[in-house]
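Engineer: Starting from these lines, generate the structure:
(one chain, ligands or ions: 1)
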Amino acid sequence: MTIDHTWWKEATIYQIWPASYKDSNGDGIGDIPGAISTLDYLKDLGIDIIWLSPMYKSPMEDMGYDISDYQDINPDFGTLQDMQDLIDGCHKRGMKIICDLVINHTSDQHAWFKESRSSLDNPKRDWYIWKKPRYDADGNRQPPNNWSSYFSGSAWTYDETTDEYYLRLFANGQPDLNWENEECRQAIYDSALKFWFERGVDGFRIDTAGLYSKDQSFADAPIVFKDQYYQPSSKLTHNGPRIHEFHKEMFKKVTSNYDVMTVGEVGRCTRDEALKYVSAARNEMNMIFLFDAIEVGCNPDDKFRYQGWKLTDFKDAIRNQSDFIKGTDAWSTVFIENHDQPRCVTRLGNAKKFHDKSGKLLATLQTTLTGTLFIYQGQEIGMTNLPRSWSIDEYKDINTINYYKAFKEKFGNDKDFEEKEAKLLDVINLMARDHARSPVQWSDAKYGGFSTVEPWMRVNDNYDKINVESQLNDPDSLLKFYQKVLKLRKEYKDLFIYGSFEILDYENEKVFTYVKELPDAKHPNAYVALNMSDDQVDFKPLIEGKFKLVACNADSDEFDEKVLTPWEARVYILE
Ligand code: NOJ
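Structural biologist: Coordinates of the predicted model:
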């Protein structure tokens, strides 16, 4: 088998979410110079590419995913010169940098939208999606259809100036751009892409990359949740009729002119549909994020309707992600955390009883899977979800806040509200995006060494125990384990990054065993055994061969060839 070795396939990518990464100027908000000060740390960790979440000018209604100027920097984060220094700082160290490309919507403070909303005949009116109100039987004004926003309530906002509604699938201040308008698309390409490619950015993580083409009927969405009026619109907004035409155009007109990578955020897809975005021959994007693993146990239309999961569900999810590209010319990703997800050691490991051990197991899983690997800030030290004892007021994310408000409006007068509320708070404590957004714990100094003043969001109480500095000084820490397994991934890169994946013990609800393989006798195979339970279990290889242990998270004094201790992870190379 010939492997198509490519830089963006082999890279380990580290996501920086700027507001909570590192504050350099003592204003309590992370910033670009703060990020620059950590580049050597990231290099030592084994990082090849940085993905910087939105650093653009923004009113921050959705923490920068509401951009008011693609060509400028949020002053809290720094200046255009700081950004250039970050780009150059990465390149100097042999690393690359990708940015977030948020082009399904802008902020309502973007100059384009200000013009668009100003009158019905403004030349940019058609750059956004405007519709007339609908009126109910009593003559009350209503939104044009029943689509729900990802952040609760209607997906439409009424604008008095012209007596019309604009579509905004996310926050009020995030109007959706009208990709049907060619002039608008060209402006996006010039302003949001070309501008940054010319400054040396090496690619983009493309936000909501499946949403640009809406079904032009704007019909009501089918009813998914009987207990609410507004309904998820995915059938009419995801993977719409012109979506691939738009991606092809963006690739042809812009991306293909540079040696860059693209990774799309595309949820809600069948395998065939997903492959269209990333098949190499189709020239759209290089890879997309599949949500199978991070959505395990969730209702994908509403993650706060949490259902719970078994290990076999998780195995299904990992298998779906791994098999996705089998027999195709496409490429895929490996990730388990990002700024929209809870912390993996809490959600999938056991942060309370086996913090380091389960964190190391998840590191082993991630670094042995096929695809481009993404790590989220703080994942390498096992940052955890926020404490359950914190009040809802500590949660800052619009998604959580709106959900909680809508819930309170609906059930606030019920006799059993307290009970209902406690249940919701349990789920928020497990699933909210806020868990990924608390400041990075750099040391045991006040505010976790993130800032010298009180940060914009409270630092997790456990910063004195879980922080970068102490883990750098401990040879057995999770951080050091990450360094080690990231190196191992590169040492056996054909096998781990490009190899195929097969589960050996699907029915087992405690242990997850798989082999990585290349159809080539020259290459060894890898055998990975993960005990994802709090129990000790017997261990006997499920296939024959000469096993060489190359990674294990058990202490040397507890290691016993014949048993897997709770959350023990082993990687063998079969010789
Ligand atoms: C997906 C981003 O990851 C998320 O943080 C954001 O709220 C939405 N897209 C809207 O841009």
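Engineer: Neighbours of Asn508, how many?
Structural biologist: By other C-beta atoms under 10 Å, 18 other residues sit near Asn508. C-beta: built from backbone N, CA, C; applies to glycine.
Engineer: ditto for Glu10
Structural biologist: By other C-beta under 10 Å, the burial measure for Glu10, its neighbour count, is 17.
Engineer: Find me the pLDDT at the closest residue to Tyr306 other than its chain neighbours, would you?
Structural biologist: Among residues not flanking Tyr306 along the chain, Val427 sits closest, at 4.7 Å (C-beta to C-beta, 6 or more residues apart in numbering). Listed pLDDT for Val427 reads 97.
Engineer: Confirm Val427 sits in a helix?
Structural biologist: Yes: counting by DSSP: H, G, I helix; E, B strand; the rest coil, Val427 falls inside a helix.
Engineer: Check the gap between it and the ligand for me.
Structural biologist: 19 Å (C-beta to the nearest ligand atom, to the nearest Å).
Engineer: Can you get me a residue count around that residue?
Structural biologist: For Val427, the number of neighbouring residues by other C-beta under 10 Å comes to 15.
Engineer: One more: Asp88?
Structural biologist: Considering only other C-beta under 10 Å, Asp88 is surrounded by 14 other residues.
Engineer: Contacts only, for Thr6.
Structural biologist: If you count contacts by C-beta atoms under 8 Å, 6 or more residues apart in numbering, Thr6 has none.
Engineer: again but with Lys353, I slipped
Structural biologist: 534, 566.
Engineer: Distance-wise, check Ile294 relative to Asp126.
Structural biologist: Ile294 sits 36 Å away from Asp126, going by C-beta to C-beta, to the nearest Å.
Engineer: swap in Ser477?
Structural biologist: As judged by C-beta to C-beta, Ser477 and Asp126 stand 55 Å apart.
Engineer: Pick out whichever of these two has more residues nearby.
Structural biologist: Each of Ser477 and Asp126 has its neighbours counted (other C-beta under 10 Å); Ser477 has more, 21 against 14.
Engineer: where does the residue in the stretch 251-400 of the chain that the ligand sits nearest to land in three-state SS?
Structural biologist: The ligand sits closest to Asp340 of the stretch 251-400 of the chain, with a gap of 4.7 Å, by C-beta to the nearest ligand atom. Of the three states, Asp340 takes coil under three-state DSSP.
Engineer: give the contact list for it.
Structural biologist: 433, 436 are the contacts of Asp340 under C-beta under 8 Å, 6+ apart.
Engineer: Need phi/psi at it.
Structural biologist: Dihedral pair for Asp340: phi -110, psi 0, per degrees, to the nearest 10.
Engineer: next one: Asp159
Structural biologist: Residue torsions, per degrees, to the nearest 10, at Asp159 are phi -120, psi 120.
Engineer: For it, give me its contacts.
Structural biologist: 117, 165-166.
Engineer: any idea how far it is from Cys184?
Structural biologist: The value you get for Asp159 to Cys184, if C-beta to C-beta is used, is 18 Å.
Engineer: what ranges do the strands span in the stretch 101-250 of the chain?
Structural biologist: All strands of the stretch 101-250 of the chain, identified by DSSP state E, counting those that start in this stretch, fall at 130-131, 134-135, 141-142, 156-159, 164-167, 203-206.
Engineer: My read is that the residue nearest to Tyr306 contacts Phe304, right?
Structural biologist: Yes: in this structure, Val427 is within contact of Phe304 by C-beta atoms under 8 Å, at 5.3 Å.
Engineer: Adding neighbour count, write the contacts of Asp159 out as a markdown table.
Structural biologist: Converted to a markdown table, these look like this (neighbours: other C-beta atoms under 10 Å):
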| residue | neighbour count |
| --- | --- |
| Arg117 | 20 |
| Tyr165 | 23 |
| Tyr166 | 23 |
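Engineer: Name the nearest of those residues relative to the ligand.
Structural biologist: Set against the ligand, the nearest of the contacts of Asp159 by C-beta to the nearest ligand atom is Tyr166 (15.7 Å).
Engineer: Look up the closest residue to that closest one, ignoring the ones flanking it.
Structural biologist: Setting aside the residues directly before and after it, Tyr166 is nearest to Pro175 in space (C-beta to C-beta, 6+ apart), at 4.9 Å.
Engineer: so what's Gln228 up against?
Structural biologist: With C-beta under 8 Å, 6+ apart, Gln228 has these contacts: Ser148.
Engineer: what's the answer for Lys276, then?
Structural biologist: Each residue near Lys276 by C-beta under 8 Å, 6+ apart is listed here: 244, 282, 284.
Engineer: Spatially nearest residue to the residue in the stretch 51-200 of the chain that the ligand sits nearest to (excluding sequence neighbours)?
Structural biologist: The ligand sits closest to Tyr65 of the stretch 51-200 of the chain, with a gap of 3.4 Å, by C-beta to the nearest ligand atom. Distances taken as C-beta to C-beta, 6+ apart place Val102 nearest to Tyr65, at 5.3 Å, with adjacent residues excluded.
Engineer: Near the one you found, how many other residues are there?
Structural biologist: 27.
Engineer: so what's the nearest residue to Pro123 once chain neighbours are set aside up against?
Structural biologist: Nearest residue to Pro123 in three dimensions, chain neighbours excluded: Glu115, at 7.5 Å (C-beta to C-beta, 6+ apart). Glu115 makes contacts with 122-124, as judged by C-beta under 8 Å, 6+ apart.
Engineer: Done for today, thanks.
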